[in-house]
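Asker: make a model of this:
(chains A and B, ligands or ions: 2)
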Amino acid sequence: MSNTTSDDSLITTEVQADSNDDRAPVNEAGTAVAARDLNVYYGDEQAINDVTMEIPEKRVTALIGPSGCGKSTFLRTINRMNDMIDICRVEGDVEFGGKNVYDADVDPVALRRKIGMVFQKPNPFPKSIRDNVAYGLKIQGFDGDVDARVEESLKGAALWDEVKDQLHSSGLELSGGQQQRLCIARAIAPDPEVILMDEPTSALDPVAASKIEDLIDDLAEEYTVIIVTHNMQQAARISDRTAVFLTGGELVEYDDTAKIFEDPEQQRVEDYITGKFG
Amino acid sequence: MATDNANADGFGEVSRVRGIAFEYLSLGASVFGLVALGVLLVYVAIDAFDLSNASPEWLLTYFVTLVVPFLAFCLYSADDPAVTRRALGALGGGLVAVAVVFTAIESLLVPIPRLNWQLAYLFVVAAPVAAYLTYVGSNGRPGAVGFGLLGRLVGGAALGLAVGTLFLVFDSLVWFLAYTLGVLPAVGLYAYGRVREASRARTAALPVGFLGLVAAVVLRDVIPTYPSDLLIYLWTIAVPIAVAGGLVVADRRGRTVAAVAAGLPLAVATAGGFWATGAGLPAPTVLLVLVTTGVPTAVYVSRVVDVGEGVVGLALPFLIAGGVVVGALVVEAWGVPAPDPWLDAGFVTEAPSRTPANAGLYPAIVGSVIIIALVAVLSFLLGVGTSVFLEEYTPGTGPIGTLTRILQVNIANLAAVPSVVYGLLGLGLFANLLGLGIGTAVTAALTLSLLILPITIISAQEAIRSVPDDLRRGSDAMGATRWQTTKNVVLPEAMPGILTGTILALGRAIGETAPLIMIGAATTVFNPPSSLFSRFSAMPMQIYTWAGFPQADFRYGVVAAGVITLLIILVGMNGTAILLRNRAERGS
Ligand SMILES: Nc1ncnc2c1ncn2[C@@H]1O[C@H](COP(=O)(O)OP(=O)(O)OP(=O)(O)O)[C@@H](O)[C@H]1O
Ligand SMILES: [Mg+2]
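Answerer: Ligands and ions are numbered 1, 2, ... in the order given. Now for the predicted structure:
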């Protein structure tokens, strides 16, 4: 058993904060994304309720909480994917790089080029593996060596060795786990600053999921990763900070991952993490 | 206890009577429809080719020289004893069965008009067996090669004829200048940019091409002398096609082979063009047909030889041509009565005439081809544009959303408006209001485009809607603009569906008569249209006119020949479009 598993730890996981040892303490990192007094409504229904939080740069931040509590909604406010939903209304600020992304002069398309996103269900384009990864470069008019960047990104997504001989076959011919890593490669190819992941491993088997977890750990060297997950162990293993949302879109606790999982302030959080409800 | 009882009696039975009744009723209905259509087509074919006058000896000769070798080739290619046994069984058993049944019906029930049992055997047994063996044979390697070559020959000839026909109405001098000043430099720059990785050259290609086009239009009337049409087509179409073919071969086989594969057909085509000038044939069309058949054939042959498998298949075109020639010689020597088909070379290359024997469809074929080409381009662009706008760009709510919904309902209703009404609209809007002229080719093309637009829009919308939203969101999240998402993700995914809808709609447009009558298209013209604004006739118009002539030969023979020509062109057009679509589908 690992050194960090103490008796009062709420869940038994062998790694706990272990995997994050190589990174400096969170309080030394700058802020990548910050939400201030954020409220989000779908029509009359409120999905995010007055959330204020600062997400550290080049760290993994996990968002957990029961189904329907607004985690995906929160994630989508960061790259303004909520704009696509007609009835969605956002109040308050989301700052990215010191600028409120909901300011009138922010072009959401330009914003999204700086923020990569990986979805719950792998959604590679029906194109070749190479063209999938090169997609962001293509639409941004990238001028350099596309193939070198494709290779770099596939290596970054720990997929290169498996696909290097079939770069021109369709991305849809890969397995689910490979497809998800392809989507990660696609997201990192244009070199964004932040990567948003909405339950990236929920459609995968444990082995594929653990590959992606290792990958996320590596990604945090260069990128700010914000990940939604329903898997407590996963959140505990890979994240530096954890935010717990509860029903109604409230952020009830946000702290270092070790603290949340070993000694949460609130009883509700403890109940949720230990599976008493949610 | 209850479960014990149930198990003892098995699980009971669920009635399937209704399902089974439905299944057989539907089967019966579709079989009835197909048989009725088949009988009609058989009679039309008999009339068009004058088969009722074909003597049994004539049929036997061609059966032996043409059909049997072809079937043998297919069997050889399939290389499967089971298939051989089945085919021989069907041919032999069918012979006895058809002869017996046919004679029995004739003697016991009613005489069957204009059919004998040999013809019945041809249509009922030989044709289906040949179709089946063609399918089976094309799966074998020699068969695949043979049909591949045949397809390139036929397809290339059709393409060459179509392009030659379209250029009848096109100002070849503008085209010459536009190609020389615009297209060629632009393509050259782009290719140079690709090879040398020079993005500046690639970006310059578009403006250069555009400037060239403008210059062409401006200089059209300034430049006093031009080369002949033949040289223009040689320079602007034949040479580029040969170069493209050469590049394909060069990729695999090196320069020498490429030079031969491209140069030989080009030389033959050029020679053919000059010979045609002397012989009084349309030289540009001859040149184009020779190039569009020769270059793809040469490329294909070089590849087959390269692979080294199924090379025998290359003999298929010779087998067929040889069968026809030998058959003709035998019939000639034997002196048996031969049919005198209405649908012969003269029918498709000559103008209409007062006498049935000299009647031709050529001007109407040209008219139809030109109109269909315009309609295809117009309705595809308009249909895709409108459906992309409706599906991807308009919001679902708010005043614009309401407007879109109203538009949507109206488009659906427009699909149900009778075609005569579209004819009226075309007459009022295009012919009179816009002054495009009564009975001109543009007016007809615009009217027919309008007629099929609702169908293309609705099917394109359906195809676009079936693209999963996941893909759109994935692209949006990468920072793609709406247009980039549409162009790179949505349209490629939806394209096969969009093309299917357009192909079906075009099939309807090519056979329309009523709107053409309304816009005042000529019933009979003696020259093919020479510009978009000249009077034209279309195949269905001409056929309709012939059907009203008093002479029986017109109403039976010539009309049937026209119908068969129309069907062949329609099937060829759709077949090509479907092939291309399937290619595109596999490519993506
Ligand atoms: N497109 C939408 N239109 C209307 N309401 C929505 C939409 N998307 C989400 N909601 C509502 O907003 C609330 C939060 O949804 P959200 O998808 O953010 O939850 P979640 O925490 O991601 O849940 P899960 O863990 O199940 O994915 C839910 O009550 C949901 O009904
Ligand atoms: Mg969610």
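Asker: from B:Tyr226, how far off is the residue of the stretch 1-150 of chain A found nearest chain B?
Answerer: Proximity of the stretch 1-150 of chain A to chain B (CB to the nearest CB) peaks at A:Arg113, 3.3 Å away. Where C-beta positions appear, they are placed from N, C-alpha and C, glycine not excepted. To B:Tyr226, A:Arg113 is 51 Å away according to CB to CB, to the nearest Å.
Asker: between the two, which one's more packed in?
Answerer: For A:Arg113 versus B:Tyr226, neighbours defined as other CB atoms under 10 Å in any protein chain shown are more numerous around A:Arg113 (20 against 13).
Asker: surely the residue of the stretch 1-150 of chain A closest to chain B meets A:Pro192?
Answerer: Yes - in this structure, A:Arg113 is within contact of A:Pro192 by CB atoms under 8 Å, at 7.2 Å.
Asker: which residues are contacting stretch B:332-351?
Answerer: Stretch B:332-351 is contacted from outside by B:47-55, B:57-58, B:61, B:331, B:356, B:358-363, B:365, B:526-527, B:557-558, B:560-561, B:564-565, using CB atoms under 8 Å, 6 or more residues apart in numbering or on different chains.
Asker: contacting residues around the spatially closest residue to the residue of the stretch 1-150 of chain A closest to chain B that is not a sequence neighbour?
Answerer: Closest residue to A:Arg113 apart from its sequence neighbours, by CB to CB, 6 or more residues apart in numbering or on different chains: B:Gly479 at 3.3 Å. By CB under 8 Å, 6+ apart, the contact set of B:Gly479 is A:Val109, A:Ala110, A:Leu111, A:Arg112, A:Arg113, A:Lys114, A:Gly136, A:Ile139, A:Gln140, A:Pro190.
Asker: which of the residues you listed has the most neighbours?
Answerer: Busiest of the contacts of B:Gly479 [other CB under 10 Å] is A:Gly136, holding 26 neighbours.
Asker: element containing the closest residue to chain A within the stretch 401-550 of chain B?
Answerer: Nearest to chain A in the stretch 401-550 of chain B, going by CB to the nearest CB, is B:Gly479, at a distance of 3.3 Å. Counting by DSSP states H and E, B:Gly479 is held by no secondary-structure element, helix or strand.
Asker: do B:Phe147 as well
Answerer: helix B:141-167.
Asker: skipping adjacent residues, who's closest to B:Ile105 in space?
Answerer: Leaving aside its chain neighbours, B:Ile105 sits nearest to B:Ile112 (6.5 Å; criterion: CB to CB, 6+ apart).
Asker: got it, and B:Val420?
Answerer: Nearest non-adjacent residue to B:Val420, counting by CB to CB, 6+ apart: B:Ala514, 4.7 Å away.
Asker: returning to what we had before: which residues touch the residue of the stretch 1-150 of chain A closest to chain B?
Answerer: A:Gly136, A:Gln140, A:Pro190, A:Pro192, B:Met478, B:Gly479.
Asker: which stretches in the stretch 401-550 of chain B count as helices?
Answerer: For the stretch 401-550 of chain B, helices defined by DSSP state H, counting those that start in this stretch occupy the ranges B:419-426, B:441-465, B:469-477, B:482-485, B:491-510, B:514-518, B:539-547.
Asker: no more questions from me, cheers.
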